[in-house]
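1. Have a look at this prediction, sequence included:
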Amino acid sequence: MGILIVDDSKIERMILKEMLESEGHAVYASKNGEEALQTALDSIPDLIISDILMPVMDGFSLCKSIRSDNRTAHIPFVFYTATYTNDEDEALGKKIGADGFFRKPMAWDDFYPAITAIVNNAEKNARCPKSTPEAEGDFYKLYNERLIKKLEDKVFDLEKEVVERKMAEEALKKSREELRELSKYLQSAIENERIKIARDIHDELGQVLTAIKFDVAWLKGQMSRNRKPVLEKADSAISLIDIAIQSVRRIVTGLRPGLLDDIGLIAAIEWQAGDYEKLTGVKHSVVIEPENIRVDKYLSTALFRVCQESLTNAARHSKASHVLISVIQKNKILELVISDNGTGIDENKISDSRSFGLMGMRERIAAFGGSIEISGSVNGGTRVMVKIPVK
């Protein structure tokens with residue numbers, strides 16, 4: 001049996017074609033009604049299975065044309081549609097001569113026996129073309145009514161989709177704002193905890209170590225000069241205590257530089273850059289414009305941590321010989337730039353979801369309504385640029 005399938009969806013045509021061919025039928029396929037009509041006239045099929053909503057010529061018009069031509073009026077015609085699914089759509093399809101009206105998707109075990117029965121029934125009942133002015137008028141009236149209704153439904157669906165999308169966008173925007181506020185709160189909580197830990201270490205552990213140093217120094221003073229081994233041990237203990245005190249100071253400063261709270265952001269950045277040069281041997285330059293930049297402690301903390309993370313990344317990965325840090329405030333925009341002349345960050349690492357340090361930097365800056373741009377090129381160095389609106 002030769003079957004013509006008509007559908008503007010390539011996937012739908014392919015699936016239906018394969019299923020029918022598996023049943024032993026010869027299958028032809030067209031992507032719209034106009035093309036299908038020509039195919040039907042060139043090679044009369046035993047059955048036409050057509051979608052309705054298609055470009056150029058839709059399924060209703062195709063069915064009417066098939067039924068109006070003596071050469072094709074006898075061909076069994078069924079609609080198989082996912083768009084025109086109302087009872088009124090089916091009534092129009094049957095009125096213009098369709099033998100069957102099926103809604104997608106339909107189980108193959110139901111669909112195939114149904115179209116087979118339609119073909120068998122059509123062979124028993126000859127069909128003649130019928131076309132009168134009254135029938136033509138009825139067709140166009142019903143056709144226009146269904147078309148207008150479908151357009152109205154489509155407009156309603158689109159309006160509903162727009163409203164739902166706006167609501168989803170608003171919900172997403174609110175969720176992002178809540179996440180940023182949460183991130184800001186967590187960063188603040190972390191910094192407060194850092195301050196507490198730093199203070200506790202400084203006030204308790206630092207004082208205990210200093211007291212132990214004084215006690216050991218006193219014991220050393222009470223020893224006679226002829227007990228050289230004991231004196232050497234005392235000197236060694238004092239040296240170890242000095243190292244411990246320096247470690248405590250370094251840990252305390254790493255947790256929360258006192259300069260950040262006492263003097264401000266600029267002094268803390270200059271100290272950080274100097275300390276970076278001492279630790280790594282990498283030369284640095286700091287540019288501040290104007291020199292009297294002042295920001296609140298929360299923004300100061302965020303900018304300092306970005307600078308700190310950038311310098312840490314440069315020390316670990318860049319192999320740079322020079323780092324430039326600039327803090328410039330102009331037209332109510334504060335710009336922080338950290339750039340080096342090293343190997344340059346890989347583009348993939350910039351967008352890598354596992355780059356938690358970079359993610360943390362972005363979250364810190366986003367919490368203040370700012371932007372951060374990280375760029376790099378091979379042997380061209382890495383550049384971190386932060387822009388934040390300030391009052």
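-> Nice, I can see it. Residues are numbered from 1 along each chain as shown.

2. Confirm for me that A36 is in contact with S30.
-> Yes - applying Cβ atoms under 8 Å as the test, A36 and S30 come out as touching, 3.8 Å apart. Where you see a C-beta, it was placed from the backbone N, CA and C, and this is true even at glycine.

3. neighbour-wise, which of these two wins?
-> Set A36 next to S30 and count neighbours by other Cβ atoms under 10 Å: A36 wins out with 28 against 22.

4. For the more buried one, give its distance to S43.
-> 11 Å (Cβ to Cβ, to the nearest Å).

5. same question, V230
-> 114 Å.

6. go on, G97?
-> Distance from G97 to S43, by Cβ to Cβ: 20 Å.

7. Tell me which of the two has more neighbours.
-> Using other Cβ under 10 Å, the more surrounded residue of G97 and S43 is G97, with 18 against 11.

8. nearest residue to that one other than its sequence neighbours?
-> Counting by Cβ to Cβ, 6 or more residues apart in numbering, G97 lies nearest to R67, which is 3.8 Å off, once chain neighbours are set aside.

9. hang on, that neighbour packs against A73?
-> Yes - contact criterion Cβ under 8 Å: R67 and A73 qualify, at 5.4 Å.

10. Same drill for those two, tell me which one is more crowded.
-> Neighbour totals were compared for R67 and A73, and R67 leads with 22 against 17 (other Cβ under 10 Å).

11. what pLDDT does the more buried one get?
-> Here, the pLDDT recorded for R67 equals 90.

12. Next: F156.
-> 77.

13. I'd like to know how many residues surround it.
-> For F156, the neighbour count with other Cβ under 10 Å is 10.

14. so it is in which element?
-> helix 133-200 (DSSP states H and E).

15. next helix or strand past that helix?
-> Sequence order places helix 207-222 as the next helix or strand after helix 133-200, per DSSP H and E.

16. mind listing what's buried in that next one?
-> L209, I212, K213, V216 (16 or more other Cβ atoms under 10 Å).

17. Report the distance from that helix to the chain centre.
-> Remark: helix 207-222 is offset 60 Å from the chain centroid, using Cα atoms, centre = their mean, to the nearest Å.

18. who touches it?
-> Applying Cβ atoms under 8 Å, 6 or more residues apart in numbering, the external contacts of helix 207-222 come out as L231, A234, D235, A237, I238, I241, D242, A244, I245, V248.

19. which two in those residues are spaced the farthest apart?
-> The largest separation in these, counting by Cβ to Cβ, is between L231 and V248 at 25.9 Å.
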